[in-house]
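Student: predicted model, plus sequence, below.
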Amino acid sequence: MGIAIALVLLALGSVLFHFLSPWYFTPIASNWGTIDTTIAITFVVTGIVFVAISLFMAWALVRYRHRAHERASYQPENKRLEFWLLVVTSLGVAAMLAPGLVVWADVVRVPQDAREVEVVAQQWNWAYRLPGKDGKLGTVHSRFVNEKNPFGMNPADRNGHDDVLLASPELHVPLGQPVKLLLRSKDVLHNFAVAQLRVKMDLVPGQVTYSWFTPTRAGSYDLLCEELCGIGHYAMRGRIVVQEPAAYQAWLERQPTFAQLNEQPQGNAAAGKTLYAACAACHGQNGEGNRAMNAPKLAGHGAWYLERQLRLFKVGARGTHEKDTFGKVMAPMAATLVDDRAIADVAAYIGTLPDKPPATTFKGDVDRGRARYVTCAACHGAEGRGNPATNAPRLQGMDDWYMATQLRNFRDGVRGAHRQDVHGSQMALVAGMLADDAAIGDILAYINSR
């Protein structure tokens, strides 16, 4: 009897929770209200079945409870009951599936005036390509992919010269205008999913899949990869920002095109030498670093990484957290570099400095560090030499004391929390696996052994 009462209360409580709970779907931010309708139909059908089965089980427990001197009767077949079960089940399944066919027809029918956006996925980053003023996307091919051309743009295709390239996980879209997503992957199977926009579609290597949506509410929405794509899958996050058309257009005009990126002059090492004089006071004449000044080694880092960090300091994405004591010292120094040309010149000069390995200061268990480093290796490489394609700097041959400080900063939210530090926020998620300083020491000991 107690179990029967519990089943009745469970069914009643589930129904009441569904209708009285303050938690439900997020407000619609796209044109896919029909998707919510199909989900609601599924809730109704499965809810009725759940309540019916629960009440039937409660009734059966009472009706057929144990009684002394009574025996159960065995009825192997009941064609009438089986017929009605078949009919009711078929109707329930049809009620759930039929609306989905209508919704799917809308999903695959892209409006003629939809803006095209190419989404490129790679473990574990998002990037985007938008057509320029000609409204056409240029052709791409894997044979063109390199460090300076991560999208694989075809240099001979003039339609691609004005394409806007966004090496960032944040994409802006205009409010009230349909957007067609052209989805491609550079490595493994990924999935583009924005729950609030009701958008979810796989990115398949070797194919270009697509989806579309019409944003109807301004705001910022999380983009997730919802296909297990490797050890760093959980950190593959992005953001879709829906803006008023005027604000979107202003943002779009600030983004670089393929032609502009190619036309950017290479850094001038000679000019950078003069600018580096201020840096040398802390980082050393040869960029060897100085622990007493809390200045890490610079020599050996790629110019792309140095330039990115200097820009982050300049815009306040680094060095502004109240606990980032040493970052606060670096921020005003970065401000002396007046523009991107100055930053490129300094990075070019640092690239000419001798790369000498620093003294190691951390000791730890190399074997435990090897096991922990598997996660890091996915981006930074098995040897810790870094990888521009995954926005991962070099670790091997760099100052271990500085890496330890930064890992703690990432783990504790001192670094990587700023909205503009998109790659730092990804690293903050990964650093969360380091529960204590012993774990950090083990990883650094392994890196030092390479």
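Tutor: Done, it's in.
Student: only C-alpha atoms from now on, for both contacts and neighbour counts.
Tutor: OK.
Student: give me every residue that touches the closest residue to residue 153 other than its chain neighbours.
Tutor: Of all residues beyond its chain neighbours, the one nearest residue 153 is residue 140 (4.5 Å), with distances taken as Cα to Cα, 6 or more residues apart in numbering. The contact partners of residue 140, by Cα atoms under 8 Å, 6 or more residues apart in numbering, come to 151-154.
Student: same thing with residue 55?
Tutor: Contacts of residue 55 by Cα under 8 Å, 6+ apart are 7-8, 11.
Student: hmm, residue 123 and residue 230 touching each other?
Tutor: Yes. Using Cα atoms under 8 Å, residue 230 makes contact with residue 123 at a distance of 7.5 Å.
Student: just to revisit the earlier point, please convert the contacts of residue 140 to JSON lines, extending it with pLDDT, distance to residue 34 and secondary structure.
Tutor: Listed next are those as JSON lines, based on pLDDT from 0 to 100; distance: Cα to Cα, whole Å; DSSP: H, G, I helix; E, B strand; the rest coil:
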{"residue": "151", "pLDDT": "86", "distance to residue 34": "35", "secondary structure": "coil"}
{"residue": "152", "pLDDT": "86", "distance to residue 34": "37", "secondary structure": "coil"}
{"residue": "153", "pLDDT": "87", "distance to residue 34": "38", "secondary structure": "strand"}
{"residue": "154", "pLDDT": "89", "distance to residue 34": "40", "secondary structure": "coil"}
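Student: and those, which is closest to residue 74?
Tutor: Nearest to residue 74 among these, counting by Cα to Cα, is residue 151 at 68.7 Å.
Student: wait, the closest one touches residue 145, no?
Tutor: Yes. Counting by Cα under 8 Å, residue 151 does reach residue 145; the two are 6.2 Å apart.
Student: so for the two, which sits in the more crowded spot?
Tutor: Taking neighbours as other Cα atoms under 10 Å, residue 151 and residue 145 compare with residue 151 leading, 23 against 16.
Student: so how far is residue 25 from residue 40?
Tutor: Distance, residue 40 to residue 25, by Cα to Cα, to the nearest Å: 10 Å.
Student: before we move on, what about residue 119?
Tutor: For residue 119, the distance to residue 25 - Cα to Cα - is 26 Å.
Student: care to break the chain down by domain?
Tutor: 2-63+80-107, 115-263, 265-356, 357-450 (automatic domain parsing).
Student: average pLDDT across the shortest one?
Tutor: Over the span of domain 2-63+80-107, the pLDDT mean works out to 86.
Student: helices of the protein, start to end?
Tutor: 2-20, 33-63, 79-107, 245-253, 258-263, 269-283, 303-315, 325-334, 340-350, 366-380, 400-412, 422-431, 437-448 (DSSP state H).
Student: still on that earlier bit, residue 40 and residue 25: which has the busier surroundings?
Tutor: Per other Cα under 10 Å, whichever of residue 40 and residue 25 has more neighbours is residue 40, with 13 against 9.
Student: and residue 254, how many neighbours?
Tutor: With other Cα under 10 Å as criterion, residue 254 counts 9.
Student: how much space between it and residue 243?
Tutor: Counting by Cα to Cα, the gap from residue 254 to residue 243 is 15 Å.
Student: out of the domains of the chain, flag the one nearest residue 70.
Tutor: So among the domains of the chain, domain 2-63+80-107 is nearest, using Cα to Cα, at 12.7 Å.
Student: before we move on, back to that, make TSV from the helices of the chain and add distance to residue 234 to it.
Tutor: Below are these laid out as TSV (distance: least, Cα to Cα, whole Å):
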stretch	distance to residue 234
helix 2-20	29
helix 33-63	26
helix 79-107	27
helix 245-253	29
helix 258-263	30
helix 269-283	35
helix 303-315	23
helix 325-334	28
helix 340-350	32
helix 366-380	11
helix 400-412	16
helix 422-431	8
helix 437-448	20
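Student: enumerate every residue touching the residue lying closest to residue 207 once chain neighbours are set aside.
Tutor: Nearest residue to residue 207, sequence neighbours excluded (Cα to Cα, 6+ apart): residue 184, at 6.4 Å. Residue 184 is in contact with 118-121, 203-209, counting by Cα under 8 Å, 6+ apart.
Student: what of residue 375?
Tutor: Residue 375 neighbours (Cα under 8 Å, 6+ apart): 231-232.
Student: can you check residue 309 too?
Tutor: residue 318.
Student: what about it, distance to residue 409?
Tutor: Separation of residue 309 from residue 409 (Cα to Cα): 15 Å.
Student: now do the contacts for residue 391.
Tutor: 305, 379, 423.
Student: so what pLDDT did the nearest residue to residue 31 once chain neighbours are set aside get?
Tutor: Spatial nearest neighbour of residue 31, excluding adjacent residues (Cα to Cα, 6+ apart): residue 214 at 5.5 Å. As predicted, residue 214 sits at a pLDDT of 92.
Student: flag the shaky bits of the protein, pLDDT-wise.
Tutor: For the chain, no stretch has pLDDT under 70.
Student: as a quick check, tell me the outermost residue of it.
Tutor: residue 69 (66.2 Å; Cα atoms, centre = their mean).
Student: the residue nearest to residue 31 and residue 181 touch, don't they?
Tutor: No. Between residue 214 and residue 181 there is no contact under Cα under 8 Å: 11.2 Å.
Student: buried sites along stretch 197-215?
Tutor: 197-205, 208-215 (16 or more other Cα atoms under 10 Å).
Student: in stretch 29-39, what's buried?
Tutor: So for stretch 29-39, counting by 16+ other Cα under 10 Å, buried means 29-32, 35, 38.
Student: what's the answer for stretch 413-432, then?
Tutor: Residues 413-418, 420-431 are the ones in stretch 413-432 that count as buried (16+ other Cα under 10 Å).
Student: and the contacts of it?
Tutor: Taking Cα under 8 Å, 6+ apart as the rule, stretch 413-432 contacts 168-169, 232, 235-237, 312, 317-318, 321, 323-324, 391, 406-411.
Student: go with 7 Å
Tutor: 169, 235, 317-318, 321, 323-324, 407, 409-411 (Cα atoms under 7 Å, 6 or more residues apart in numbering).
Student: which among these gets closest to residue 21?
Tutor: residue 235 (30.6 Å).
Student: so how many other residues sit close to that closest one?
Tutor: 18.
Student: please determine how far it is located from residue 226.
Tutor: For residue 235 relative to residue 226 (Cα to Cα), the value is 11 Å.
Student: ok, residue 398 touching residue 297?
Tutor: Yes. Residue 398 lies in contact with residue 297 (Cα atoms under 7 Å); the separation is 6.4 Å.
Student: for the domains of the chain, give me a markdown table that also has distance to residue 74.
Tutor: Shown next, in a markdown table, are the domains of the chain (distance: least, Cα to Cα, whole Å):
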| stretch | distance to residue 74 |
| --- | --- |
| domain 2-63+80-107 | 15 |
| domain 115-263 | 48 |
| domain 265-356 | 74 |
| domain 357-450 | 57 |
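Student: surely residue 384 and residue 394 touch.
Tutor: Yes. Taking Cα under 7 Å as the definition, residue 384 is a contact partner of residue 394 at 5.9 Å.
Student: and these two? Which one has more around it.
Tutor: residue 384 (23 against 19).
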